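Trainee: sequence and predicted structure are below.
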Amino acid sequence: MTYIAKPKFHHPGLPKNDLGFTHRDYEGKISTLCAGCGHDSITASIIEACFELSIEPHRVAKISGIGCSSKTPDYFLGNSHGFNSVHGRMPSVLTGANLANRDLIYLGVSGDGDSASIGFGQFAHSIRRGVNMTYIVENNGVYGLTKGQFSATADRGSKSKKGVTNTDNAIDLVAIALQLGASFVARGFSGDKTQLVPLIAAAIQHKGAAFIDVISPCIAFNNHAGSTKSFDYVREHNDAVNRLDVITGREPISVDYAPGTVQLVEQHDGSRIALRKIDADYDAHDRGGAMTFLQKHAAKGQIVTGLLYVDPESDDLHSHLDTVETPLNTLEAKDLCPGTTALDRINASLR
Amino acid sequence: MPVQSPISSVNDFVVRFANVNGSGSASANEMFARSILRHGVPVSPRNIFPSNIQGLPTWYEVRVTEDGHLGARGGVDMMVAMNPQTWDKDLASIEPGGYLFYDSTKPMPASKFRADITVIGVPLTAITNSTYTDPRQRQLFKNIIYLGALCALLDMDPKLVEQLIGEQYKGKEKLLSSNVHALHLGRDWALQNLKCPLGLRIKKADKVGDRIFIEGNNAAALGAVYGGATVCAWYPITPSSSLADAFTSYCKKLRHDPETGKAKYAIVQGEDELASIGIVIGASWNGARAFTATSGPGISLMTEFIGLSYFAEIPAVIMNVQRAGPSTGMPTRTQQCDIIACAYASHGDTKHVLLLPEDPAEAFEFAAQAFDLAERLQTTIFVMLDLDIGMNHRLCRPLKWDDARQYDRGKVMTAEMLDDGRDFGRYLDVDGDGIPYRTYPGTHPTKGSFFTRGTSRDRYARYSEEGSVYADNMQRLVRKFETAQDMVPRPLQANAAKPTKYGVIYFGSTAPAMDEAIGLLEANGHQLDRLRIRAFPFHSSVASFIADHDFVYVVEQNRDAQLRSLIVNENGIDPVRLVPILHYDGTPITARFIAGAIGDHQDQLKLTPLRKVKS
C-alpha cells in the first residue's frame, strides 16, 4: 500500500501500443514492497501483458485480499478500479463483481496465505464455478507481513528464516486447480518474465477460470538456504514445459519451427519474443496428463512452469447461469420490475 | 361426559394439528386453513416444527379469528392428535371444555383422556387400510380423511374445500379425484357416526376482504424482485432458505428476456455465508443490486464483510430471518434476538440500518426499499424478519407497487459528470449529508477510478493512517447515519382512547399480538399509547414518545431487551423509564402474554407509589 504517486513525466519516445498507450499508462503507484520482491516482478509482467494486449486500463477491475501480494494491484493499472477486500475473500468479491458486469476484465491477485489457507475454500469454489477471471497467486510460501510464518504452500522439510523446519505437507494450488476443473492452469516464476508475460496475456484472453500460480520468493523471509521458494532454489529446479505468446486482433505472424526448439519472433510493436514450442510429449489439452506430469516432476523435486492445461472451448459462470449479454448493472427498473399488472396477478393467486 | 361444558364458539377458536414430521400432513393442514379463508373467515396459522427432516413431532396451528387477530393466541380449543409420541403434552394443552380428535383404530384406556374435554375418535387407520393398499397412499390420504371429518365436525362447506383441492391438483385428474374421494370418506364417516357439528363451527362471513395470504419470506423475495435485485448469493439456513427459493422461483417466472429467454438475474448458492456476502459486496461495488438471505449464525459469519461494507461504503442488502440463538440455538423457533448483533455488526465502531417489518406486506415494501437505501446510503441494510413472519402464512393487505417508481441509484458519478470537471473524491462529503459520490468500475478512461479498501484512507481514497484523517472519515460516517434517520420508515404512533401516562414500544412480528393485547388491556382499564418502531436509526419521534410518558413498556422477543438497550444507548434515555416486557421461549409472542405482563406491572403501579428515581 502506498500513497506515493509516480511522477507523470516520461520519455516521449516510449513505444505505444494499438491504443496509443505507453507502459506508463499501465503503471500504478510506487511499490512499498521490499526492494527485490518477486511480487514487483509480477506487477511488471502484468503491466507488460496488458500493454501488449492493448487493453484499456479502465476496463480492468483488479481485486485482491489482504497481504503483501494483495497490495500489488495498487502498483499497476492506476486508471483501473481496485478493491483490497478482506483476507482470503477476494474470489467471492470478484465473483460478485463479475456477475454484475460481464464486460470488464477481472484480475484477481492473491497470495499463498490468502488462497491456500484462509481463502482456500473461496479459491476452490471460484475455480469450480468457472468465473471468467485471471486468478494470480503470488506464491512465496511465507507470511511476509507478519514476519515469516510458514504458509500452506511451504514444502514439507523446507526451513524458515529462523531455522524452523516445516513438518506440514504443502498444498499445490496448481494441482488443486486442475482437479477442480480450471480451464486454464499455469505456473510461472517471478524471475522469468519472458515466460510469465505471455502466460498472463493468455490467461486474460481465456474465457473462464484461468489460474496462474507464480513462485515469487520473499526476499525478506524466504530467500535463504533451506527454502524451496528462494530465487536460487527455483532457478535450479525449474522445468518449463513450454513457452508461448498470445497475439490477437491483428494480422497473424506465422513461424514454423520444430518442437522443442526456441524461435525468436518479431511482434507488431517491434519487440521480439522467444517461443519454445511445446515438447512433443507434452499435451496442454490433457488435464489428467498434466496432473500426472506435475506429480512425476514434483517427486523429483522439480517445479514445473509453463502452461500446464488449457481448454480452448471453455465457458464461464455467465454461460452456466444463462444470463443476458447486457451487464446486469446496467439494467433499469423498466427491465427488471414486473410492474403492477404482474403484481395484481400474484395478489389474486394468494387468496 | 366431561364436567366442563364444551366450548361453543363460531369463527373464533384454535385448532392444532399434532403430526409426525415427514408424514405429508403439511399440505392437508394448510388446505384446512385456506378452506376457512374461503368461507370469508380470517385465519392465522403457524408452523411449529422441529429442526429435523423426518420423524420428530411437528405441529400446525390454525387460529380461526373472525375479529382478525393475527397474533398467536395461546391455548388450543381442538387438538387433532396424530402423534402418539406427544400425546400427553398435546392433551395437556387443550383448553378446559375443548376437543380432542384422534385416531380411534386402536382402543385406548380411559386414563389416556381428560374428563373436561370432548373426545372425538375416528378410526382413520382402519378407514385408510380398508380403502388403500399402498403404504404411502395410506399415510397421505389419512391426512385428507381427517380433513374431511373436520369439515363435517366444524360445519364447513364441502364445496369450498373441493374447490381448493381442484385448484391444487389442476390438470392432474387422477390426484384430484382420489383426494376428493378421501375427503368424502372422512366427511361421510363423521356425518354417519358423530354428532355434527360441534360447538366449534365455521360460518360464512365477509371478513377477509381483498387481503392476501402469504409468508413473509415469499413477500420479501418478491420485494427483492420488484426492488431490482439482480444478484442473489446465499447459503442454506433455516429459516431463511425459503426466501432465496422464492426469489429463484419468481425470477424464473418474471425475469427472463422475452426474446432470448436469457436470465436478467444471477443466483449463486455460495459455499458458505462468507462467500455469499462477499459476492453481494462485489456485485454491489460494481453497480448491481445484490442481496443475501440468512439467519443469526450466518450474520455471525458475515460480520467481517459487514464491517467492510460500512467502512468502505459499499451497498449490501441482508435479509435476516431471525431464529432463536445464541449459537445454533433453536433453529426452527422464532425470536427477535439479532437486533444488537446487526445494529453494531463487526469490530470497531459501526452502526447499521435495520428495517423492521411487521408482516408480509411490509416485508415486501421494506425489501424493495432496502435496495434504494443501500445504494443511497452506500452501506449494508438489514431487513429484519423472523421465523414467525418469514415461514408462516399471514393475512395482509395486497402488495402494492407504483409503476412510476424509479430506482434510487444514489450518488453515482458518471463519465459525463467527470468530463464536466466535477471534483471526484470518493469520500468527499460534497453535500454535507455524509454521503459521498462513487463511480462504477469502467466508468472513464482517465478519471474517477479509485481503490476500495478496508484500511483507512483520505477523502480521495488514498491510503492514510493519519489520526485526523481517520477521525474525519469516522465523523462523516456518523453524519451519514444521521442522514439515514429521515430516509428510513418512520415509527407509527397510535394513541389510547383516553390520555395516559403510559406508552408501549414494539416492533416487527409482535405487532398483531400487540394490536390484540391493547384491546385486552383496555378492557381491564389500562390505557396505553403505542409506538411501533420500523427502523434503526431511530427517528426523533422515538425519544419524544418516551419523553411524553412516565413509563414506556418495550415489548420484544429476546432475553436481554436488545431494542431497549439500543434505545437507551442511542438516545441517552434513563433505562428506568423503559420497562422490558420479554418473551423468548421460541414460540411467537401472544396477546395473552403481553396483556398479562403489562397488566401485572400496571396493577403493581397502582399498589405501590411511584418510586422516586435518583438522578
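Mentor: Ah, there it is.

Trainee: residues touching the residue in the stretch 51-200 of chain B positioned nearest to chain A, list them.
Mentor: Nearest residue of the stretch 51-200 of chain B to chain A, counting by Cβ to the nearest Cβ: B:E167, 9.6 Å away. Placement of C-beta: from N, CA and C, glycine included. Residues counted as contacts of B:E167 (Cβ atoms under 8 Å, 6 or more residues apart in numbering or on different chains): none.

Trainee: apply 10 Å and report the result again.
Mentor: The contact partners of B:E167, by Cβ atoms under 10 Å, 6 or more residues apart in numbering or on different chains, come to A:349, B:31, B:34, B:176.

Trainee: may I see the buried residues of whichever strand or helix holds the second one?
Mentor: Going back to what we said before, that points to B:M31. Using DSSP states H and E, B:M31 sits in helix B:25-38. Neighbour-count burial for helix B:25-38, counted by 16 or more other Cβ atoms under 10 Å in any protein chain shown, picks out B:25-26, B:28-38.

Trainee: check those residues one by one and keep those near chain A.
Mentor: Among the buried residues of helix B:25-38, the ones lying near chain A by Cβ under 10 Å from any Cβ of the partner chain are B:34, B:37-38.

Trainee: as a markdown table, those with pLDDT would be great.
Mentor: Formatted as a markdown table, these follow (pLDDT from 0 to 100):
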| residue | pLDDT |
| --- | --- |
| B:R34 | 96 |
| B:L37 | 97 |
| B:R38 | 96 |
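
Trainee: re earlier: any chance of TSV for the buried residues of helix B:25-38, columns distance to B:A597?
Mentor: TSV is the format used below for these (distance: Cβ to Cβ, whole Å):
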residue	distance to B:A597
B:S25	34
B:A26	33
B:A28	36
B:N29	31
B:E30	32
B:M31	36
B:F32	32
B:A33	29
B:R34	33
B:S35	35
B:I36	30
B:L37	31
B:R38	36
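
Trainee: now, among those residues, which is nearest to chain A?
Mentor: Nearest member of these to chain A, counting by Cβ to the nearest Cβ, is B:L37, at 7.6 Å.

Trainee: in contact with the closest one, which residues?
Mentor: Applying Cβ under 10 Å, 6+ apart, the residues near B:L37 are A:351, B:43, B:45, B:62, B:64, B:160, B:164, B:207-208, B:211, B:213, B:393, B:395.

Trainee: so where do the strands sit in the stretch 251-351 of chain A?
Mentor: Counting by DSSP state E, counting those that start in this stretch, the stretch 251-351 of chain A has strands at residues A:262-266, A:272-276, A:303-310.

Trainee: residue nearest the middle of chain B, spatially speaking?
Mentor: For chain B, B:I389 is the residue whose C-alpha lies nearest the centre (Cα atoms, centre = their mean; 2.0 Å).

Trainee: what is the burial count for the closest residue to that residue other than its chain neighbours?
Mentor: Of all residues not flanking B:I389 in the chain, B:G216 sits nearest, at 3.5 Å (Cβ to Cβ, 6 or more residues apart in numbering or on different chains). Neighbour count of B:G216, defined by other Cβ atoms under 10 Å in any protein chain shown: 35.

Trainee: looking at it, B:G216 is touching B:L399, isn't it?
Mentor: No: taking Cβ atoms under 10 Å as the definition, B:G216 is not a contact partner of B:L399, at 11.9 Å.

Trainee: between these two, which contacts overlap?
Mentor: B:360-361, B:363-364.

Trainee: then the helix holding B:M31 to CSV, C-alphas only?
Mentor: Extracted in CSV, the C-alpha atoms of helix B:25-38 (Å, rounded to 0.1, in the frame of the first residue of the first chain):
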residue,chain,number,x,y,z
SER,B,25,-49.6,-33.7,6.7
ALA,B,26,-48.5,-30.1,5.9
SER,B,27,-50.5,-30.0,2.7
ALA,B,28,-53.7,-31.1,4.3
ASN,B,29,-53.3,-28.8,7.3
GLU,B,30,-52.6,-25.8,5.1
MET,B,31,-55.7,-26.7,3.0
PHE,B,32,-57.7,-26.7,6.2
ALA,B,33,-56.6,-23.1,6.9
ARG,B,34,-57.2,-22.0,3.3
SER,B,35,-60.6,-23.6,3.3
ILE,B,36,-61.7,-21.5,6.3
LEU,B,37,-60.4,-18.4,4.5
ARG,B,38,-62.6,-19.3,1.6
